Structures are given as structure tokens and as C-alpha cells.
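Asks: what follows is a predicted structure for the sequence shown.
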Amino acid sequence: MKKIIARDKEISRLEELYNSKRPEFVIVYGRRRIGKTFLVNQVFEKRFTFSFVGAKKESQKVQLKRFAAQLQRYGSSTFTPALESWEDAFDELRRLIESKPKKQRKVIFLDEMPWIDTPRSRFLSALEYFWNAWAAQRDDIMFIACGSATSWMVNRILRNRGGLHNRFTAQIYLRPFNLNESEEFLHSSGCNWDRYTILQSYMTFGGVPYYLSQLNSKESLAQNIDRLFFAKNAPMKLEFDELFSALFPHADKYVDVMKALSQKRGGLMRSEIIESTGISGGGLSKILDNLERCDFITIYSRYKSSVRNSLYRICDPYTLFYFKFVHSRNRKDVHFWSNNLTSPSVVAWQGFSFETICIEHLDQIKRKLGISGVGTNSCTWRKVGTKDEQGTQIDLLIERADRVINICEMKFSDSAYSITKDYENKLRTKLSVFREETRTTKSILLTMVTTYGITMGIHSGIVNNEVCMNDLFEKAY
């Protein structure tokens, strides 16, 4: 087996299920490019009794023909069965399984199942009958269902109300890498960048293994971004559209929601999303649910506010980068990124992207603060400005069970961050307004989250705690 980065828990779980001595119906799902197929293939390698990969936008006839070819291959036969339906296909699969030694564990892997389930194919009903009437009665079968179309996997399998209702025995969801895992992945690939460069690459590509695998360590990060996004026929230029069309039905509505969210740095309430997109009701609920499940957005509560006032904000760095610099832009400069590294738009984006990454690495922040074992509630807070008074916003607030509140200020810079007199006054005003508006009696600690720490000086005394870039790279437990 090739070394698989950052999937130790998933590997252990798959091996545990393999050795369970009972029928297992396992669902492996997650967004496109996250490494689902690679994981299953590497774990089981030559242990498959049968495997088949669905093809996007292919007819049932083509899918069945390819399924038959796989039956022939795994059966070591010169005869290719003629399959007219998925009922026929699963009948032949049953015969293949029965031809194998009784004491042998039979691993059946169907990959990209959403693509197999073509309109009017009756694929799911045939699968239901295969599992319920036969496979579930045997203790030697491990059936693995996999797919990138997360909404299909959840709605048609996990939440199935028909014959597959509660039939699955385990589910494994693959998430994007965090900073620590991304660093391990890049270094294992021979890309020995320092953490500042890896952090910047994470702002662009997030923790998606396939995206990270496209980086060439012989080029600078800026050159990589130019090649992948802005060069002629750049491979990542169309990735977003392909990603969403593969993941979701009616992908245009999902894109509309993501585009609306990309316009507001602090996120949008549900009512604001409705106003911006015109999508409402159950349709919007389903979209938001699926986007959250795929790690594109996060629901962020507001301090001392009702659930309906929760904020939805993009948490996927790649998506933020795409909407800021790629979407709907016909750039002529093939070296756009290299030529604009210090431009105001890039600097502003880096600041916001760093905030997003910090929020998604809350466990690492809590560990640095020594409060991993303390009950906490992370949220945001804002005071809307008026004609006479400026608004105030706190992007990350950690309310602790020990009656302490950490108010986090996140600043991205290429060196130690220096707090000026004006910024100190701004911070004091923010803390004062927060205490006055919320009437909290809890202790308030100002926490600075930066890349290289803060410069000690006459204005840095306002800071109670520091969290640095290296702390965000700590391993999650």
C-alpha cells in the first residue's frame, strides 16, 4: 500500500469493517478530488472480489456493458454476460460471489454510484433487492458504495426511505486536509516549502489533495498559481464549474448562493441570501444543507442572538479565491498573480482568507490558549452602524464555560505584526462597545492571531494572548 496521508482513522475503520465477520454496507463519500477512490483502492488493493466505476453522462446500456466486462475480468472468464437490466447485473454479481471460496471475505466496490443511477434505470431498486434478499444474509460480504455527488449519496442512500432505509452499517466522510495535513502531504510529495508559503497555498487551494498535488515545487507559489489559474488553457480555470456540476443537481442555484456569500465578508443571514438570490423555502434549506455537508460553508451563530440570525459564510479557501479572482473575469495577463502580489485587492483577500482559515482551525487556537478541555461556544458579533455611529464587528469570539470571553483579532502579515496607536485605540473602542452593548459581566481577553506574532511595544500591552501561524499547524486530535 502506498502511504496515505492524514487518513489513519479512515484506514483503521475500513480494516475494522473488513474483519467484522458480518455483512457490511459501507458508504464512503465526500466532495470531488478529495481522495475517496484512492483511499479505498489503496486499502484493499488486490482484495476486491469485484469493483466497478460509474461513468458520468453515459447511458444505462453503456454502464451495463462495462459492468459485464468487469464481471468477466473478476470471474477470469472468456464469457461476457449479456445484461439487459440492473436486475440481471446483480444476479450475475451474486453468481460471481458464490463462485469464490466460502471463507474468503468478499469486497464489492461500486464507485461513483450517482452516475450509475441514470434516469429510469431502476438501479437503486435492483441494489435494494440484491442487498436485502441475499447479501445481508451472508457474513462474508463487505459492500462499499462511493460517490462524489454528496447530495445523491445522502438523500438516496443515507436518508433512503425505501428498501435501503437504515441498511448501511457504516459511513465514512472524507474532509479536506487541515494545515498540518496539507504540510505533511506536500512534504511527502517533495514540496518542502516553509509554513508561510504553505499557508499562502492553502488560501488558494484549501486542503483538497488533488489540488495540492498539482503544485510544482520547482516553481514559486506565484508561478504555480499563474500556471493553474491564469495561463492559456489553465487546468484549474474550469474546475469550479465541473466541481459543482458533479456534486449537485441544478448546480446553477448552488453557484448563485455561493456567489452571494462571496460578496459579504462576514457572511449572510438566511433572509439576506433570499433577498440576493430569490431562492427560498425548502429549496434553499436543501442547498444550504448540502453546501455545509460538503465543507463549502459553515453556519456561524451570532453572540446572544436567535438561530434565525445565524450567519452563513464560505469556509472553503479555494471557493473564496475563485470568486475573488477567477469567476466572470476574462484576464489577459497570464502572469496576473505574479504581477499583483502586493496589490490592494490581493492584500485584502489575504487578510480575509487568513481569518477564514483561523476560524476553521479553532481546535488549534483553543489548544494554544490552554482551553481544549473547557466548554466553549464560538460565534461572531456585530453592531450595525448608524449615521452618527460607526459599526463594530468581531469575527471570532470564544465564550468559555469558565466565564471568560476571548475576543480574537486575526492579522496576516509577512513579519511580526506591529500594533500602532490608532489600532490600539480601535481595539479599546471595540472592547468597550462590546461590553456596553452585550452587558456581559464575564472577563474579556483580547487574543491576537497572527503569522509571526506581535512586536512588543508601548501599544502591545492591550493584548492578553497570542496565537501564531505555527500553532495553527499543530496536529488535530
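Replies: Sure, I can see it. Residues are numbered from 1 along each chain as shown.

Asks: show me what contacts the spatially most central residue of the chain?
Replies: Centroid-nearest residue in the chain, with Cα atoms, centre = their mean: Asp295, separated by 3.5 Å. Contacts for Asp295 (Cβ atoms under 8 Å, 6 or more residues apart in numbering) come out as 31, 175-176, 315-316. (Glycine included, C-beta is placed from N, CA and C.)

Asks: ok, Ser51 next?
Replies: Per Cβ under 8 Å, 6+ apart, neighbours of Ser51: 70, 74, 108-111.

Asks: return the subset of the residues you listed lying in helices.
Replies: The helices, defined by DSSP state H, take in 70, 74 from the contacts of Ser51.

Asks: give me the buried subset of the contacts of Asp295.
Replies: 31, 176, 315-316 (16 or more other Cβ atoms under 10 Å).

Asks: got those residues as TSV, with distance to Phe244 and pLDDT columns?
Replies: Putting the buried ones among the contacts of Asp295 into TSV (distance: Cβ to Cβ, whole Å; pLDDT from 0 to 100) gives the following:
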residue	distance to Phe244	pLDDT
Arg31	10	89
Pro176	16	95
Cys315	16	95
Asp316	12	96
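
Asks: pick the one among those residues closest to Thr37.
Replies: Among these, Arg31 lies closest to Thr37 (Cβ to Cβ), at 12.7 Å.

Asks: care to break the protein down by domain?
Replies: 8-173, 180-355, 364-472 (automatic domain parsing).

Asks: stretch 166-175: which residues count as buried?
Replies: 167-174.

Asks: pull the distance from the lowest-mean-pLDDT helix or strand in the chain to the chain's centre.
Replies: Ranked by mean pLDDT, DSSP states H and E, the helix or strand of the chain with the weakest confidence is helix 150-152, at a mean of 82. Relative to the mean C-alpha coordinate of its chain, helix 150-152 is positioned 14 Å out (Cα atoms, centre = their mean, to the nearest Å).

Asks: stretch 315-332 now?
Replies: 17 Å.

Asks: just the endpoints, please. Distance across it?
Replies: 29 Å (Cα to Cα, to the nearest Å).

Asks: list of residues touching that stretch?
Replies: 176, 202-206, 208, 211, 229-230, 237, 240, 258-259, 262, 295-298, 314, 336-337, 345, 349, 352-353, 356-357, 359-360.

Asks: filter those down to the ones in strands?
Replies: Among the contacts of stretch 315-332, the members found in strands (DSSP state E) are 297-298, 314.

Asks: can you pull out the strands in the chain?
Replies: Using DSSP E, strands in the chain cover 24-29, 48-53, 106-111, 141-147, 170-173, 297-300, 311-314, 376-383, 392-400, 404-411, 443-450, 465-467.

Asks: tell me which of the contacts of Asp295 is nearest to Arg428?
Replies: So of the contacts of Asp295, ranked by how close each gets to Arg428 (Cβ to Cβ), first place is Cys315, at 30.1 Å.

Asks: where along the stretch 301-450 of the chain do the helices fall?
Replies: 317-321, 336-339, 344-360, 362-369, 421-438 (DSSP state H, counting those that start in this stretch).

Asks: for Thr455, which of those is the nearest?
Replies: Short answer: helix 421-438, nearest of these by Cβ to Cβ, at 11.8 Å.

Asks: can I get the CA coordinates of that closest one in CSV?
Replies: The C-alpha trace of helix 421-438 is given here as CSV (Å, rounded to 0.1, in the frame of the first residue of the first chain):
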residue,chain,number,x,y,z
LYS,A,421,-1.5,53.9,18.5
ASP,A,422,-4.5,54.2,16.2
TYR,A,423,-5.1,50.4,16.1
GLU,A,424,-4.8,50.2,19.9
ASN,A,425,-7.4,52.9,20.2
LYS,A,426,-9.6,51.0,17.7
LEU,A,427,-9.2,47.8,19.8
ARG,A,428,-10.1,49.5,23.0
THR,A,429,-13.2,51.0,21.4
LYS,A,430,-14.2,47.6,20.1
LEU,A,431,-13.9,46.0,23.5
SER,A,432,-15.7,48.9,25.2
VAL,A,433,-18.6,48.8,22.7
PHE,A,434,-18.9,45.0,23.0
ARG,A,435,-19.1,45.1,26.8
GLU,A,436,-21.6,48.0,26.8
GLU,A,437,-23.8,46.5,24.1
THR,A,438,-23.9,43.0,25.5
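
Asks: for that helix, packing partners?
Replies: In terms of contacts (3 or more Cβ pairs under 8 Å, 6 or more residues apart in numbering; DSSP states H and E), helix 421-438 is packed against strand 376-383, strand 392-400, strand 404-411, strand 443-450.

Asks: and these as JSON lines, adding mean pLDDT and distance to Ser99?
Replies: As requested, these are exported to JSON lines (pLDDT from 0 to 100; distance: least, Cβ to Cβ, whole Å):
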{"stretch": "strand 376-383", "mean pLDDT": "92", "distance to Ser99": "55"}
{"stretch": "strand 392-400", "mean pLDDT": "94", "distance to Ser99": "59"}
{"stretch": "strand 404-411", "mean pLDDT": "97", "distance to Ser99": "60"}
{"stretch": "strand 443-450", "mean pLDDT": "98", "distance to Ser99": "60"}
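
Asks: nearest to Gly281, out of the ones you listed?
Replies: Of all the helices and strands packed on helix 421-438, strand 376-383 comes closest under Cβ to Cβ, at 25.8 Å.
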